[in-house]
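*Asks:* Let me see the structure of the following:
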Amino acid sequence: MHQFSNSFEQKAVIVQVDLPREREKFSSNGAFAEFKDLVISSGAHIIYEDVSKQNQPSAGLFIGKGRAERIRDCVEDSGSDLVIFNHDLSPSQERNLENIFKARVLDRTGLILDIFSSRASSHIGKLQVELAQLSHLSTRLVRGWSHLERQKGGIGLRGPGETQLETDRRLINHRIKSINNKLSKFHKQKEINRYSRKKGKKIMVALVGYTNAGKTTLFNLLTASNFYSADKLFATLDSITRKNNISGLDDILFSDTVGFISDLPTHLIDSFKATLDDLKSADLLIHVVDIADPESVYKSEQVLKILEELGISETPCITVNNKSDKTEFNEAENLLSKSADEVWISALNNRGISNLINSILISINKSIVKEWIQLQPSLGSVRAKLYSHGYVIDETTSDAGLIQLLVEIDKKELKTLISEEGIELYK
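*Replies:* Down below sits the predicted model:
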């Protein structure tokens, strides 16, 4: 354990347990460094660091009883009121640890949610954070306070014989439903916006990557914007879309998105559906990698894993190795010509951007194809939709009355189109 001094108001003890299965996928040093960055991003002042090795978690406390008692002593001696674990804890483990420490216990998911809460700025962003918090809280209402177990007979708000715990659950579920309804309306508006973009033949390029890889810095450079960027985790939480500011990229829009992180719980991903919908509608992804990070390979794999979970792993993607000014840039330049799908840049120093622009143009041109498709006569609505998007170049009708269209369309959209019944490629 190491002691630190600082002037933050909220003192925290941080805990990490190196488990064999976790050491296989993420180095112990890398995981702990990321955890400390998360804690500092939340505004807490780290008083003690407790790192230990353990074969498997304890069912009741996650850590061993002896270690829990030593941490309790640290909490008492330092006057800390918060203990943060770099692991997901069960509700019972949180409650048992709080009883021992006499301090609040926060797990990894709770810490990320706290950071999300402080960073959300838009109305939709705040709704998404609240949804994630309530979803997390709904599994943690058994906190050990006696008032949650007492039965309440009431008029109006509470039903006869309903416990406070049941009331809290009901109110939370009601709020979750209300937020989902509001987000559903937002989804529909986004669909209208996407339809308008497709009709105007605008191309969407979305920046994705691990948190703190430099996405917003690159986004500001490409769009001549001045959105907040900082060398800390989750500096960007709200999705932003802007026109580009680069000559030759006239019909391209760029979208900056929330950064990913390892072991992000599924319900957090679900809560940020409104933000991640921008990724699903993108014509091209730019995967920004902090190439100077010793854990860059692992973090890249985590991003690709999440993209696969979102069902967008087949979307064309350019890997952008950012912060190459912190590496051997001459070596980076030698790699530039090897593949249009991977470029080396320094967004902060505006280096290598011309190579990125060329790669974007090559990828977009590769993704657009001209093909004849054949539709059943009953699919007039599909024909009308293709015309409204401006995809149709030519049209004929077969002797059998089938609609034959020459379309210029993105490969991904063409694949989706011909998967529908009554539509097929025509040679």
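*Asks:* ok, now which ones touch residue 257?
*Replies:* Residue 257 makes contact with 206, 207, 208, 215, 236, 239, 275, 276, 278, 279, according to CB atoms under 8 Å, 6 or more residues apart in numbering. Using the backbone N, CA and C atoms, a C-beta is placed for each residue, glycine as well.
*Asks:* Tell me the one among those residues nearest to residue 370.
*Replies:* The closest of those to residue 370 turns out to be residue 206 (CB to CB; 25.0 Å).
*Asks:* Going by contacts, tell me the helices and strands next to the helix or strand where the closest one lies.
*Replies:* Element membership for residue 206, per DSSP states H and E: strand 203-209. Applying 3 or more CB pairs under 8 Å, 6 or more residues apart in numbering; DSSP states H and E, we find strand 203-209 packed against helix 215-223, strand 252-256, helix 273-280, strand 284-290, helix 296-309.
*Asks:* That strand pairs with which strands?
*Replies:* strand 252-256 (parallel), strand 284-290 (parallel) (DSSP bridges).
*Asks:* pLDDT-wise, what's the bottom of the contacts of residue 257?
*Replies:* By pLDDT, residue 236 ranks lowest within those, coming in at 59.
*Asks:* what's near enough to touch the spatially most central residue of the chain?
*Replies:* The chain has residue 260 as the residue nearest its centroid, 4.3 Å off, counting by CA atoms, centre = their mean. Shown in contact with residue 260 (CB under 8 Å, 6+ apart): 208, 209, 210, 211, 302, 303, 306.
*Asks:* any idea how far it is from residue 224?
*Replies:* 26 Å (CB to CB, to the nearest Å).
*Asks:* what's the answer for residue 398, then?
*Replies:* For residue 398 relative to residue 224 (CB to CB), the value is 50 Å.
*Asks:* what's the answer for residue 406, then?
*Replies:* From residue 406 over to residue 224 (counting by CB to CB), the distance is 38 Å.
*Asks:* Which one's more surrounded, those two?
*Replies:* Using other CB atoms under 10 Å as the criterion, residue 406 and residue 224 rank with residue 406 on top: 15 against 11.
*Asks:* and that one, what are its bridge partners?
*Replies:* In beta-bridge terms (that is, DSSP bridges), residue 406 pairs with residue 372, residue 394.
*Asks:* Now do the same contact list for the residue nearest to residue 210 when sequence neighbours are not counted.
*Replies:* Excluding its sequence neighbours, the residue lying closest to residue 210 (CB to CB, 6 or more residues apart in numbering) is residue 299, at 4.1 Å. Contact analysis of residue 299 by CB under 8 Å, 6+ apart lists 210, 213, 262, 289, 290, 293.
*Asks:* can you tell me the average pLDDT over the longest helix anywhere in the chain?
*Replies:* Longest helix in the chain, counting residues (DSSP state H): helix 164-199. The average of the pLDDT scores along helix 164-199 is 77.
*Asks:* any idea how far it is from the chain center?
*Replies:* Mean-position distance between helix 164-199 and its chain equals 18 Å (CA atoms, centre = their mean, to the nearest Å).
*Asks:* helices and strands around that helix, which ones?
*Replies:* Going by 3+ CB pairs under 8 Å, 6+ apart, helix 164-199 lies up against helix 123-137, helix 273-280.
*Asks:* worst average pLDDT in those?
*Replies:* Looking at those, the lowest mean pLDDT belongs to helix 273-280 (a mean of 70).
*Asks:* Point to the helix or strand of the chain where mean pLDDT is at its lowest.
*Replies:* Ranked by mean pLDDT, DSSP states H and E, the weakest helix or strand in the chain is strand 2-3, scoring a mean of 42.
*Asks:* Next secondary structure element downstream of that one?
*Replies:* Note on strand 2-3: by DSSP H and E, the next helix or strand toward the C-terminus is strand 11-18.
*Asks:* how about that next one as CSV, C-alpha atoms only?
*Replies:* The C-alpha coordinates for strand 11-18 follow below in CSV (Å, rounded to 0.1, in the frame of the first residue of the first chain):
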residue,chain,number,x,y,z
LYS,A,11,-10.7,10.8,0.1
ALA,A,12,-10.8,7.3,-1.3
VAL,A,13,-9.1,4.0,-0.8
ILE,A,14,-8.8,2.0,-4.1
VAL,A,15,-8.7,-1.8,-4.3
GLN,A,16,-7.7,-4.1,-7.1
VAL,A,17,-7.5,-7.9,-6.9
ASP,A,18,-5.4,-9.6,-9.6
